[in-house]
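*Asks:* Prediction below, plus the sequence it came from.
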Amino acid sequence: MHEYSIVASLIQICETHAKEHNATSVAKVRIAIGERSGVDSALVKSAFETFRLESPLCKNANIEIEYQPVVLHCQSCERDFSGENLTYSTCPFCRSQQVIITQGRELHLLNLELDIEDIQDSIQTQESYMMSSS
């Protein structure tokens, strides 16, 4: 179950970014899982619920998972197309079998919402940071 090692790394990344931005905690983690990534989203969610409790910065964080559909590219006609309801090996436009997957095998950290306390005013704010990690 490589989902556990993925989530352990994800928690470390969250902690690193939280510390870099002097955050008091991580409020939300948003990731995208590719349809053909081989990553089970239910296991990721379950592992996150367990691992977050071991991190003082992530213990109250929620995770949102988006699904990234497969996008294919035909090397013959140079067209991109969705993999939905199609045979991945054949281009629907020119029938070529020179097809590659260009999207849908990745796992990306899309953004983090961090709780940051302003020491001068004792005001707590939430900041969102966009990032991409493959």
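*Replies:* It's in.
*Asks:* Break down this structure into its helices, ranges please.
*Replies:* Residue ranges of the helices in the chain, as given by DSSP state H, are 2-20, 41-51.
*Asks:* so how far is Val26 from Ser55?
*Replies:* Between Ser55 and Val26 the distance is 8 Å, computed by C-beta to C-beta, to the nearest Å. Placement of C-beta: from N, CA and C, glycine included.
*Asks:* Tell me who's in contact with Lys59.
*Replies:* Lys59 makes contact with Ser25, Arg52, Leu53, according to C-beta atoms under 8 Å, 6 or more residues apart in numbering.
*Asks:* what about the second one, how many neighbours?
*Replies:* Residues contacting Arg52 under the criterion other C-beta atoms under 10 Å number 21.
*Asks:* Can you give me the separation between it and Lys59?
*Replies:* Between Arg52 and Lys59 the computed distance is 6 Å (C-beta to C-beta).
*Asks:* would you list the helices of the chain in JSON lines and tack on distance to Leu114?
*Replies:* As requested, these are arranged in JSON lines below (distance: least, C-beta to C-beta, whole Å):
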{"stretch": "helix 2-20", "distance to Leu114": "6"}
{"stretch": "helix 41-51", "distance to Leu114": "17"}
